[in-house]
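Novice: Next input, structure requested:
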Amino acid sequence: MARRTCIFFISLLLSGGNAALSQDTVTFPLHIRAGFDISGPVMKLIDKDLISYGVTGSADINSSVALTAGFRYSSFNSSEVIYDFSSRGLSFTAGADYNFIKANVSQGKYSAGIGLRYGLSFYREEASMIRYTNEWGAGEAVVPPGRHTGHYLEITPGVRTEIFPGVTIGWNLYMRLLISAGAGKDLKPVWMPGYGAGTSGMRTGAEYYVSLSIPYRKIKVYIKPKIQESDEDEDEEGGQPAGTGSSSGTMGFPGRL
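Specialist: As a prediction, this is how the structure comes out:
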């Protein structure tokens with residue numbers, strides 16, 4: 001499905017330059033969208049430690065820019081040789097997406113662009129057991145339950161296409177940059193809901209959304225029409241117009257030697 005989506009958008013971009021060149025305006029429908037990330041439940045089948053459910057919403061403000069917001073519930077439990085850790089919480093993101101496809105090609109149905117979002121993670125974590133070894137010997141410690149607020153930035157290139165009227169699918173690649181885990185300088189969470197492993201300053205991955213789309217307004221979008229040169233313009237550029245050639249006399253009378 002992802003491969004077919006990529007091929008579709010490449011062909012769309014290549015053919016878009018020749019579409020509707022004779023028009024100078026197009027009618028563009030602005031949409032409100034609400035979507036669900038189906039990659040979260042799929043990841044549960046692969047990683048038993050993680051539960052993640054996310055929804056997102058967006059509203060077009062013009063043919064290229066849409067405001068976006070979303071929230072996600074995450075729960076993570078891990079039992080390793082050196083620690084037992086658990087965290088859960090809600091994360092919220094807000095930002096904007098930019099669509100690189102021109103309005104006369106996208107028609108409010110297709111998008112290939114990039115988004116920028118600011119994220120907040122409100123989570124609770126605890127480590128019921130941490131085993132350690134140092135020069136004085138081995139021992140165990142406990143990190144009691146605590147509530148924290150993390151901050152991060154998210155950059156999301158992605159594509160979206162309409163499969164049925166009012167139903168779209170699309171995927172986003174994301175790169176998350178950690179600003180603060182909110183747990184202190186020397187205490188990094190094994191997993192920060194909405195972000196990922198808090199021990200890393202950058203996280204990458206992908207999300208796959210199915211969305212419902214409702215048009216709420218139509219606008220006129222001006223596009224640059226193709227300018228075709230007329231035969232008269234070509235004659236003027238190629239040579240002098242008829243009747244303007246030079247003559248050997250003055251005022252139309254032949255000169256005399």
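Novice: Can you list the residue ranges for strands in the stretch 1-150 of the chain?
Specialist: Ranges of strands in the stretch 1-150 of the chain, per DSSP state E, counting those that start in this stretch, are 25-37, 50-60, 65-79, 83-99, 110-134, 137-164.
Novice: Make CSV from the ones you listed and add mean pLDDT, mean neighbour count and distance to Ser180 to it.
Specialist: Where you see a C-beta, it was placed from the backbone N, CA and C, and this is true even at glycine. Putting the strands of the stretch 1-150 of the chain into CSV (pLDDT from 0 to 100; neighbours: other CB atoms under 10 Å; distance: least, CB to CB, whole Å) gives the following:
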stretch, mean pLDDT, mean neighbour count, distance to Ser180
strand 25-37, 95, 18, 24
strand 50-60, 95, 18, 21
strand 65-79, 94, 17, 18
strand 83-99, 94, 18, 14
strand 110-134, 89, 17, 10
strand 137-164, 89, 15, 5
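Novice: can you put those in CSV and add distance to Lys220?
Specialist: Below are those laid out as CSV (distance: least, CB to CB, whole Å):
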stretch, distance to Lys220
strand 25-37, 5
strand 50-60, 14
strand 65-79, 16
strand 83-99, 17
strand 110-134, 19
strand 137-164, 21
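Novice: Enumerate every residue touching Ile32.
Specialist: Applying CB atoms under 8 Å, 6 or more residues apart in numbering to Ile32 gives the contacts 57-60, 213-214, 216.
Novice: Nearest to Gly182 among those residues?
Specialist: Gly57 (25.4 Å; CB to CB).
Novice: From Asn104, how far off is Leu30?
Specialist: When distance is defined by CB to CB, to the nearest Å, Leu30 is 15 Å away from Asn104.
Novice: and Arg203, which of the strands of the stretch 1-150 of the chain is closest to it?
Specialist: By CB to CB (comparing all of those), the closest turns out to be strand 137-164, at 8.3 Å.
Novice: chain center to stretch 146-157, what's the gap?
Specialist: 17 Å (CA atoms, centre = their mean, to the nearest Å).
Novice: Name the residues that touch that stretch?
Specialist: By CB under 8 Å, 6+ apart, the residues outside stretch 146-157 that reach it are 93, 95, 97, 113-126, 172-183, 189, 192, 194-195, 198.
Novice: Arg217 and His31 touch, don't they?
Specialist: No: using CB atoms under 8 Å, Arg217 is not in contact with His31, being 9.0 Å away.
Novice: who touches both of those two?
Specialist: If you check Arg217 and His31 against CB under 8 Å, 6+ apart, no residue is contacted by both.
Novice: Dump the contacts of Ile32 into TSV; add distance to Leu45 as well.
Specialist: Shown next, in TSV, are the contacts of Ile32 (distance: CB to CB, whole Å):
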residue	distance to Leu45
Gly57	26
Ser58	28
Ala59	33
Asp60	34
Ser213	28
Ile214	32
Tyr216	37
